[in-house]
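Visitor: Dropping a prediction and its sequence here:
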Amino acid sequence: MAKIKKLFQDRLIRCIVGTVVGSLIYCFSIVFILNKCEFYAGGISGISQILALKILNMPALQSIFITVFNIPLFILGWRKVSKRFAILSLVSVGLQALFIYGFELLYSAGFDPFKGIVQEVTNTDGKVVEVGKITLAVIGGILCGAGCAIPLRSGASTGGTDIISQAFAFNSNTPFTYISGTIDAIIIVLGTILGGDISVGVYTIIRLIVHVITLDKIHTIYKFQKVTIVTETPDKIADAILARFPHGITIFKGMGAYTKRERYVLDSVIFTYELDEYKRIIKENDAHAFIYFTAIKGISGNFIRRAIN
């Protein structure tokens, strides 16, 4: 158990596992919920879905379109975010092509984990209507959001417009979910127009809202945190942190109200994904240091941005 725990402390292992698990969840939701109910996916998956299912009526082409459309976006991620992010995103796209193809075969063979949720009933006017789609819209939103967010939290992405959104978010103060949600909304409107079914568009918007909320709750990797450290050895801690991270530190004197002893307070703003390593460095240099973290919505000024590595 200790060896397994130590293995998962390695950031690269966590990134790979997160990429595989997130891609699996994302593809599962696309095939067994979005395709099943004809909801529209967002980003490149949504464009591929429209082309393969609505225009060409060839579901097998969906995974091919996803792969082809992601090639130029892979280059964008390589240049604007990081090589690690681009490579892991490319791995995710490859996994998606395999997972979607496999899940499509399972669905064609009759496997349907959500069978029975959507049913046709006759209303009081004698019309046959479908019920249960709103339930799948919510479930689909949760699964799609989690499937996208887990790789992003690991330092990768599910590819597609997630790469565009991450590139813009990383190089500006615009939240990732704002960019991603706007792009997805445009694709959903386009799909609704081509499909000619407003009800599907409405269900898809519900799915998108749940998707964005789930994504925002899980994907905190490039959000900001204020770190406050109370210590008696400020120089030792500051030197160790500055040797590893590019963020500045403000140091000022304080006094403990209980002990009446002089202390030093160090303030710094960092990325959320840097928290664990900050705590490790601090504790290595002062095992008795008091540390607390505060979430920050945004910053303005000279803050050095660095992709997860």
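Guide: Nice, thanks for sending it over. Residues are numbered from 1 along each chain as shown.
Visitor: any idea how far residue 149 is from residue 19?
Guide: With distances taken as CB to CB, to the nearest Å, residue 19 is found 12 Å from residue 149. No exception for glycine: its C-beta is placed from N, CA and C like everyone else's.
Visitor: Comparing the two, which residue is more hemmed in?
Guide: Using other CB atoms under 10 Å, the more surrounded residue of residue 19 and residue 149 is residue 149, with 28 against 23.
Visitor: Which parts of the stretch 101-250 of the chain are helices?
Guide: All helices of the stretch 101-250 of the chain, identified by DSSP state H, counting those that start in this stretch, fall at 133-154, 161-170, 176-195, 198-218, 234-244.
Visitor: who wins for proximity to residue 67 among the ones you listed?
Guide: Residue 67 lies closest to helix 161-170 among those, at 13.8 Å (CB to CB).
Visitor: packing partners for that closest one?
Guide: helix 43-49, helix 62-80, helix 83-108, helix 133-154, helix 176-195 (3 or more CB pairs under 8 Å, 6 or more residues apart in numbering; DSSP states H and E).
Visitor: quick one: whichever strand or helix holds residue 279 to chain centroid distance?
Guide: According to DSSP states H and E, residue 279 maps onto helix 275-285. Here helix 275-285 is found 25 Å from its chain centre; the criterion is CA atoms, centre = their mean, to the nearest Å.
Visitor: Return the backbone torsion pair for residue 297.
Guide: Note on residue 297: backbone dihedrals following degrees, to the nearest 10 are phi -70, psi -30.
Visitor: if I look at it, how far off is residue 226?
Guide: Counting by CB to CB, the gap from residue 297 to residue 226 is 11 Å.
Visitor: So between those two, which is more surrounded?
Guide: Neighbour totals were compared for residue 297 and residue 226, and residue 226 leads with 14 against 8 (other CB under 10 Å).
Visitor: Show me what the more buried one is bridged to.
Guide: For residue 226, the beta-bridge partners are residue 269, residue 294 (DSSP bridges).
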